[in-house]
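Fold the stuff below for me.
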Amino acid sequence: MTKEIKSTALIKKQNIKNIKRIIQEKGSVTKPEVAEKTGLSVVTCGTILNELTADGTIVEESLRLSSGGRPAMSYRFSPNAGNSLCLYAYTENNSSFIRHQILDLSGNIKEVGVSQEKSINIDTLIADIKKIVRPELNIKVIVIGIQGCINENIVEFSDLSELSGINISQEVQKATGIPTHVENDMNTVALGLQKSFEGKGTGSAKCSSKNVALLFFPKGQTPAGGFIVDGNILRGSSNLAGELSFFPFSFNKDHQRVAFGNIRHALPVISQLLIATIVFLDPAVIVITGGLSNDLDCEQLVNFLRENLHRSQLPKIEIRPIVETEYFAGLHSIAVEHLLEV
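Below you'll find the predicted structure:
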């Protein structure tokens, strides 16, 4: 393949992805709307829309014009475009759980479920996924959220200790035949939060949604974080970004569970991490979650920041003890990126 042909093929592939993204975001669009949103010519859009219609990815529907003229043709994804299986595994009160949702490209939920296991290892994870995946669901991608650090597709360490050292995406894909992607839980929730802020406001307020920090303070457990910088997950060179248990506190790492055991012990440490997050990342929004977040006072935290940073411009502080909706939104966002490549 010559460079010119290869370049043309890449351009077309990107054009197809851009058109798919517009349909995914809008739900249903006309050819002129696609051309306007993508900046492509109506002819180019028409050619790609015809190809996507022919292969069953999208379907046509007539829209009656208010003027009474000729009906406009609109395009939306067909059921054949495929669904995603989004799930996450976690431990709580000495029990392990797997929660899942099956969603279409537009984010419509087709199925929800939860299973409880004595422990989660790669075999129980695969067994649960196989029970969920059924031919009629037309699942084309699986996205899994995991408590822990995933480095080069390997779970380097995790609260789900039996998954440490495992290439989960490879094992699940081998067992199901479905492309599988694994992401750190905090990164995923932070991405879901960023998507929830996206589009709110205008100008600088809208741009601020691209810089979001998530701080997770579970009661009696080690802290963690997830950061979105310029709209992208901040992973670092080896995916260690956000592993706050490695932060150089004044006490031994083994004592973190004690330090975060109650708000009286934890508040000075939480305040320290708030300051560190701001001076290193300067996010527009900091969302605090986890069991200890129920005991925090947002106004008290803001006053602390004003006194110590001496700045009028501070990040917006939000406390959200429960972030399941944002977790699934982040998982689905990752799934969409892969479905648009299909």
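
Give me the helices and strands touching the longest helix seen in the chain, please.
Looking across the chain with DSSP state H, the single longest helix is helix 3-26. Counting contacts by 3 or more CB pairs under 8 Å, 6 or more residues apart in numbering; DSSP states H and E, helix 3-26 is packed against helix 31-38, helix 42-54, strand 72-77. All C-beta atoms are positioned from the backbone trio N, CA, C, and that covers glycine.

Distance from that helix to the middle of the chain?
Average the C-alpha atoms of helix 3-26, do the same for its chain, and the two points are 23 Å apart (CA atoms, centre = their mean, to the nearest Å).

How about stretch 23-36?
Averaging C-alpha positions (CA atoms, centre = their mean) puts stretch 23-36 24 Å from its chain's average.

Quick check: next helix or strand after the least confident helix or strand in the chain by mean pLDDT?
The weakest-scoring helix or strand in the chain, judged by mean pLDDT, DSSP states H and E, is helix 203-207 (a mean of 45). Where DSSP states H and E defines the elements, the next helix or strand beyond helix 203-207 is strand 212-216.

just checking, what packs against that following strand?
Using 3+ CB pairs under 8 Å, 6+ apart as the contact criterion, the elements in contact with strand 212-216 are helix 185-197, strand 224-229, helix 263-281, strand 285-289.

got these as CSV, with mean pLDDT and mean neighbour count columns?
Formatted as CSV, the entries for these read as follows, by pLDDT from 0 to 100; neighbours: other CB atoms under 10 Å:
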stretch, mean pLDDT, mean neighbour count
helix 185-197, 93, 25
strand 224-229, 96, 25
helix 263-281, 95, 16
strand 285-289, 96, 23
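
so which of those gets nearest residue 37?
helix 185-197 (18.6 Å; CB to CB).

Could you export the helices and strands packed on strand 212-216 as CSV, including distance to residue 165?
As requested, the helices and strands packed on strand 212-216 are arranged in CSV below (distance: least, CB to CB, whole Å):
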stretch, distance to residue 165
helix 185-197, 18
strand 224-229, 20
helix 263-281, 29
strand 285-289, 28
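
Give me the buried stretch members for the longest helix of the chain, please.
Of the residues in helix 3-26, those buried by neighbour count under the rule 16 or more other CB atoms under 10 Å are 15, 16, 18, 19, 20, 21, 22, 23, 24, 26.

quick revisit: just put the helices and strands packed on helix 3-26 in JSON lines and tack on distance to residue 298.
Listed next are these as JSON lines, based on distance: least, CB to CB, whole Å:
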{"stretch": "helix 31-38", "distance to residue 298": "38"}
{"stretch": "helix 42-54", "distance to residue 298": "47"}
{"stretch": "strand 72-77", "distance to residue 298": "40"}
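
rank these by mean pLDDT and give me the bottom one.
The stretch with the lowest mean pLDDT among the helices and strands packed on helix 3-26 is strand 72-77, at a mean of 87.

before we move on, back to that, name the residues that touch the longest helix of the chain?
Where contact means CB atoms under 8 Å, 6 or more residues apart in numbering, the residues beyond helix 3-26 that reach it are 1, 29, 33-34, 37-38, 40, 44-45, 48-49, 51-52, 57-58, 75-77, 105-106, 336, 340-341.

quick one: the strands in the stretch 51-200 of the chain?
Read by DSSP state E, counting those that start in this stretch, the stretch 51-200 of the chain holds these strands, from start to end of the chain: 58-63, 72-77, 83-92, 95-103, 109-117, 139-146, 148-151, 154-158, 180-184.

what's the burial count for the residue lying closest to residue 80 once chain neighbours are set aside?
In space, and not counting its chain neighbours, residue 80 is closest to residue 56: 4.3 Å by CB to CB, 6 or more residues apart in numbering. Residue 56 sits with 11 neighbouring residues when counted by other CB atoms under 10 Å.

Can you pull out the low-pLDDT segments for the protein?
The chain contains residues with pLDDT under 70 at 1-6, 63-71, 199-208.

in stretch 83-93, what's buried?
Using 16+ other CB under 10 Å as the burial criterion, the residues of stretch 83-93 that qualify are 83, 84, 85, 86, 87, 88, 89, 90, 91.

Surely the residue nearest to residue 80 touches residue 82?
No: using CB atoms under 8 Å, residue 56 is not in contact with residue 82, being 10.5 Å away.

Return every residue with contacts to both of these two.
Common neighbours of residue 56 and residue 82 (criterion: CB under 8 Å, 6+ apart): none identified.

could I get the strands of the stretch 51-200 of the chain as TSV with distance to residue 212?
Formatted as TSV, the strands of the stretch 51-200 of the chain follow (distance: least, CB to CB, whole Å):
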stretch	distance to residue 212
strand 58-63	32
strand 72-77	28
strand 83-92	19
strand 95-103	22
strand 109-117	24
strand 139-146	17
strand 148-151	20
strand 154-158	24
strand 180-184	15
